[in-house]
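Trainee: I'd like to go over a predicted model; first the sequence, then the structure.
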Amino acid sequence: MARIVLGIGCSHTPQLHTPTDQWDIRAKRDAEDGLPFWYHGERLRFVELLEKRRHLDLESQITLAEREARLQKARAALDQLSRLYRDSRPDVTLIFGNDQAEIFIDEPRHAFTIMGAAEFENRPRTDDQIERLPPGIALSDSGHLPDESVRLPGHPALARHIYDALADLPGDVAYAPQQIRPDPMRASTSGMPHAYGFIYKQLMRDAVTPHVPVDTSTLFPPNQPTTRECFAFGQKVGEAIADWEPDVRVCIIASGGLSHFVVDEEFDRDLLAAMTTNEFERLFEYHEGYYQAGSSEIKSWIAAGGAMARNPLEGRVVDYQALYRTPAGTGSSAAFAAWT
C-alpha cells in the first residue's frame, strides 16, 4: 500500500531570492500604495499599522546586516529540507499550493483543484508579462522559474484516485486532466504557478519526481475554503493515499505562508506549534481575517497537515525567520518544517 514517508512545509516568499538591499523596492510600495493590510483580522492602512506596532521596535530588525543574517539562515533551512527530500526517495509527491492569477484567471475558481496531467511544462515569463508585474517581483524569478522551458512528470493515476475518493466530500473539488494554459497576455505566467515552481527549484533542485499539484483557492473571494474545510479536504486526501494499492513512497509538501504581507510572529509560532503536535482545533478558532491576502497560503499548510494527521510521522520546526522590510512589520515570514 502507498505510505507517506515525509512531510514538508516551506515558505516560498520572493524575498528568499531577492537581494536584501532590493527589499526596499517593495518596502516603498508598502508605504506609498495606500492599500490596506490585513493584520489580526483587521484592515489597516500603513500609517495605522506603523502606529499599532511601534512598541515592537521593528526598526532595529530591518537593517541590511540583520536582513542578510536572517536570509542566510532561511536559505540554510531550505538546503536542509532539500536534503531531507532527496534522502527520503519518494516515488510520488503531492504539492499543496495556491494560484495567484497565474493560471486560474477566469471564473469560476474552484475551492480545490487536483491536477492530473501526465506532464507539466514550466517556462520563464515573457517580456510582456514582466512588464505587467508589480515592482520588485521579477527580481526573484530565478527562485521559481527555469531559464528555459522544461517538462516535468505528473502522476495521473494517483491524482485521479484521490479525486474519485473525494466524491462524497462536501465542497467544490475539481479535477484537471490537462495542464491549465491561460492566455499569457492575461496571466502572469504561461507555465506553473510560483507555489509549485519554487518547490521544483528549491527543494527538488530540478530533479522533479512524478507529482500531483493540488491547488487551494485561498486568495480570491468569495470561493475561499475555510480552515476547517481545508483540513477536512486534506484528511480525505490522506485517506485516499492510505487506500491506494501500489507500494509507493509518498511525500506531502505545503508550499507558501506563513504570515505576510504583514509578519505576525506570535501567530506564526502558534500555528507551527499546533501543526507539529496535531492540535489543529486551535487554528480553527482564529478569525478568517488572519487567513487573508498572503497569509491565506497558510491554508495550504493546514490542508497538508490534514493529509498527514493520521500518519505516524513526527513534526518539527526546522527554522523560522521573520523577514521584515519596514518598521510597520511588512514583509514575509520564512517558515520551514518537516514531518519524518
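Mentor: That came through fine.

Trainee: Centroid-wise, who is the farthest residue in the chain?
Mentor: residue 55 (30.0 Å; C-alpha atoms, centre = their mean).

Trainee: if I look at it, how far off is residue 327?
Mentor: Using C-beta to C-beta, to the nearest Å, one obtains 11 Å as the distance from residue 55 to residue 327. Every C-beta, even on glycine, is put in place using the N, C-alpha and C of the backbone.

Trainee: And for residue 71?
Mentor: Between residue 71 and residue 327 the computed distance is 18 Å (C-beta to C-beta).

Trainee: Likewise for residue 284?
Mentor: Per C-beta to C-beta, residue 284 is found 32 Å from residue 327.

Trainee: the more surrounded of the two?
Mentor: Remark: of residue 284 and residue 327, residue 327 carries more neighbours, 19 against 13, as counted by other C-beta atoms under 10 Å.

Trainee: Apart from its chain neighbours, what residue comes closest to the residue sitting nearest the centre point of the chain?
Mentor: By C-alpha atoms, centre = their mean, the chain has its centre lying nearest to residue 256, at 1.8 Å. Nearest residue to residue 256 in three dimensions, chain neighbours excluded: residue 297, at 2.9 Å (C-beta to C-beta, 6 or more residues apart in numbering).

Trainee: Surely the one you found touches residue 268?
Mentor: No: Residue 297 is not in contact with residue 268 according to C-beta atoms under 8 Å; the separation is 11.9 Å.

Trainee: hey, what's in contact with both of these two?
Mentor: Common contacts of residue 297 and residue 268, defined by C-beta atoms under 8 Å, 6 or more residues apart in numbering, comprise residue 258.

Trainee: neighbour count winner among those two?
Mentor: residue 297 (27 against 22).

Trainee: so how far is residue 330 from that one?
Mentor: From residue 297 across to residue 330, the span is 16 Å (C-beta to C-beta).

Trainee: Kindly confirm my reading that residue 214 is in a helix.
Mentor: No: under DSSP: H, G, I helix; E, B strand; the rest coil, residue 214 falls outside any helix and is assigned strand.

Trainee: Please name the bridge partners of it.
Mentor: Counting by DSSP bridges, residue 214 forms beta bridges with residue 96, residue 114.

Trainee: Could you check how far it is from residue 163?
Mentor: 10 Å.

Trainee: When these two are compared, which one has more neighbours?
Mentor: The residue with more neighbours, out of residue 214 and residue 163, is residue 214; 29 against 21, by other C-beta under 10 Å.

Trainee: who touches that one in this structure?
Mentor: With C-beta under 8 Å, 6+ apart, residue 214 has these contacts: 94-97, 112-115, 237, 303.

Trainee: The stretch 151-300 of the chain: helices as residue ranges?
Mentor: 156-165, 194-198, 227-242, 265-276, 281-284, 298-308 (DSSP state H, counting those that start in this stretch).

Trainee: could you dump those helices to a markdown table with distance to residue 10?
Mentor: Listed next are these as a markdown table, based on distance: least, C-beta to C-beta, whole Å:
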| stretch | distance to residue 10 |
| --- | --- |
| helix 156-165 | 21 |
| helix 194-198 | 8 |
| helix 227-242 | 16 |
| helix 265-276 | 12 |
| helix 281-284 | 18 |
| helix 298-308 | 9 |
